[in-house]
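Student: Sequence and predicted structure below; questions after.
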Amino acid sequence: MAVSAPLLSAEDLAVGYFSSRNTPRAVTDNLRLALWPGELVCLLGPNGAGKSTLLRTLAGLQPPLRGRLMLGNSAMQDLNAPARARQLSVVLTDRLDAGNLTVQELVSLGRQPHTGWLGGLSAHDEAQVQAALAATNTTPFAGRPVGELSDGERQKVLLARALAQDTPLILLDEPTAHLDLPNRVALMRLLHNLARQTGKAILLSTHELDLALQAADRVWLLSATGTLHAGTPEDLVLSGTFAAAFAREGLAFDPTTGTFALHAPAGPTVQLLGEGAAAFWTRRALEREGFIPSAAPAPLRVTTPSILKADSWLCELPGQPAQQHHSIATLLAALRPLLPENHLV
Ligand SMILES: Nc1ncnc2c1ncn2[C@@H]1O[C@H](COP(=O)(O)OP(=O)(O)OP(=O)(O)O)[C@@H](O)[C@H]1O
């Protein structure tokens with residue numbers, strides 16, 4: 001079986017900046033990285049960890065402080081701009097000045113590495129532009145000036161330009177930043193499918209931990225101290241590496257749900273019986289109030305509709321007859337008196 005080669009690789013890479021006295025200040029150091037065909041990699045890390053700096057370095061837009069950076073079989077610094085642009089496309093967060101260009105014209109510029117400055121678009125180029133517009137749902141505003149778009153619309157158009165460029169490698173800095181939830185989910189699904197179906201390698205930085213944990217084949221987790229851990233999302237969660245990278249006082253990552261706890265538990269444990277959507281949302285409501293939902297037996301017990309086979313919840317409190325509730329609101333009202341006084345979650 002042929003073993004594929006990485007589309008991008010780095011050895012002993014240090015990325016960062018030079019101070020005013022020209023002394024190097026590494027944001028992250030000693031990196032050994034590879035991006036393989038067909039994978040979606042999410043670069044995660046707290047604010048200021050160095051995600052944008054690393055992405056810009058990997059895109060060849062700022063020089064590494066040290067180390068070896070290869071684009072395919074060639075050293076990055078040996079490739080001129082057009083050669084790089086045929087290998088990798090990049091979407092950054094920088095504000096774009098597109099002049100009076102329409103969306104279609106801007107996306108068509110993605111074909112430039114293949115046509116040259118003066119080259120007209122062939123039928124194949126036109127098809128690539130139309131496919132990129134369709135994939136990003138930007139066809140309906142293809143004729144509008146880019147300067148008049150909303151932040152989210154512009155973000156999708158920049159992705160369309162990168163898709164039109166049709167490179168083996170795509171690097172994206174916070175591509176979900178301005179998108180609403182359905183568009184964020186759609187974008188992650190699009191990128192995941194694109195990697196799978198076309199063999200492209202896609203690296204994106206994001207603060208969407210939840211979506212990244214679901215969509216990424218691998219995660220590069222950059223800690224605040226500049227250490228980079230790479231692995232499948234699941235391995236990083238189960239090893240505790242993920243929680244450690246985002247550790248803050250009073251903030252806990254729950255590896256059983258893959259989310260950060262918004263509320264600190266203050267109240268008693270409630271045995272929660274049931275499964276499915278009603279049990280999930282009952283758990284969320286109990287946690288918000290400060291209770292600790294658990295499957296283990298406890299003096300307080302809530303049975304959810306999936307077990308009762310009815311549209312109601314059964315609430316059993318010590319020393320009281322069992323109560324039936326027809327909404328989570330009335331269930332919570334019955335439980336609230338059991339919380340410690342003045343608790344704040
Ligand atoms: N042009 C620059 N010159 C010097 N230092 C910089 C420059 N740009 C960023 N930095 C510093 O490099 C570090 C990493 O910044 P970077 O923007 O890469 O982090 P990030 O992980 O992308 O952050 P965020 O999640 O907030 O976008 C920060 O300490 C930042 O202050």
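Tutor: Sure, I can see it.
Student: Work out for me the element residue 293 sits within.
Tutor: Element membership for residue 293 (DSSP states H and E) is strand 292-294.
Student: How far off centre is that strand?
Tutor: Taking C-alpha atoms, centre = their mean, to the nearest Å, one finds strand 292-294 lying 29 Å from the centre of the chain it belongs to.
Student: Now it: buried residues?
Tutor: The neighbour-count check on strand 292-294 (16 or more other C-beta atoms under 10 Å) flags residue 293 as buried. (Glycine included, C-beta is placed from N, CA and C.)
Student: Pull the contacting residues for residue 161.
Tutor: Listed by C-beta atoms under 8 Å, 6 or more residues apart in numbering, the contact set of residue 161 reads 89, 91, 106-107, 109-110, 132.
Student: So, low pLDDT: which residues of the stretch 1-150 of the chain?
Tutor: 1-3, 116-119 (pLDDT under 70).
Student: Specify the next element, helix or strand, located C-terminal of the strand holding residue 293.
Tutor: Next along from strand 292-294, by DSSP H and E: strand 300-303.
Student: on that earlier part again, whichever of the contacts of residue 161 end up buried, select them in ChimeraX.
Tutor: Typed into ChimeraX, the next command selects the buried ones out of the contacts of residue 161 (criterion: 16+ other C-beta under 10 Å):
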select :89,91,106,107,110,132
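Student: So which of the contacts of residue 161 are in strands?
Tutor: Cross-referencing these against strands under DSSP state E gives 89, 91.
Student: Make TSV from the contacts of residue 161 and add distance to residue 26 to it.
Tutor: Shown next, in TSV, are the contacts of residue 161 (distance: C-beta to C-beta, whole Å):
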residue	distance to residue 26
89	27
91	25
106	35
107	37
109	34
110	33
132	36
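Student: Show me which of the contacts of residue 161 is closest to residue 243.
Tutor: Closest to residue 243 out of the contacts of residue 161 is residue 91 (29.5 Å), distances taken as C-beta to C-beta.
Student: Tell me if I'm right that the closest one and residue 157 touch.
Tutor: No. Counting by C-beta atoms under 8 Å, residue 91 sits too far from residue 157 to count as a contact (9.9 Å).
Student: Give the pairing partners of the strand holding residue 293; include direction for each.
Tutor: Strand 292-294 pairs in its sheet with strand 269-273 (parallel), by DSSP bridges.
Student: what packs against the next helix-or-strand element following the partner strand?
Tutor: Following strand 269-273 in sequence order, the next helix or strand is helix 276-289 (DSSP H and E). Packed against helix 276-289 by the contact rule (3 or more C-beta pairs under 8 Å, 6 or more residues apart in numbering; DSSP states H and E) you find strand 269-273, strand 292-294, helix 305-308, helix 328-335.
Student: Pick the most buried one from those.
Tutor: Among those, strand 269-273 has the highest mean neighbour count (mean count of other C-beta atoms under 10 Å), at a mean of 19.
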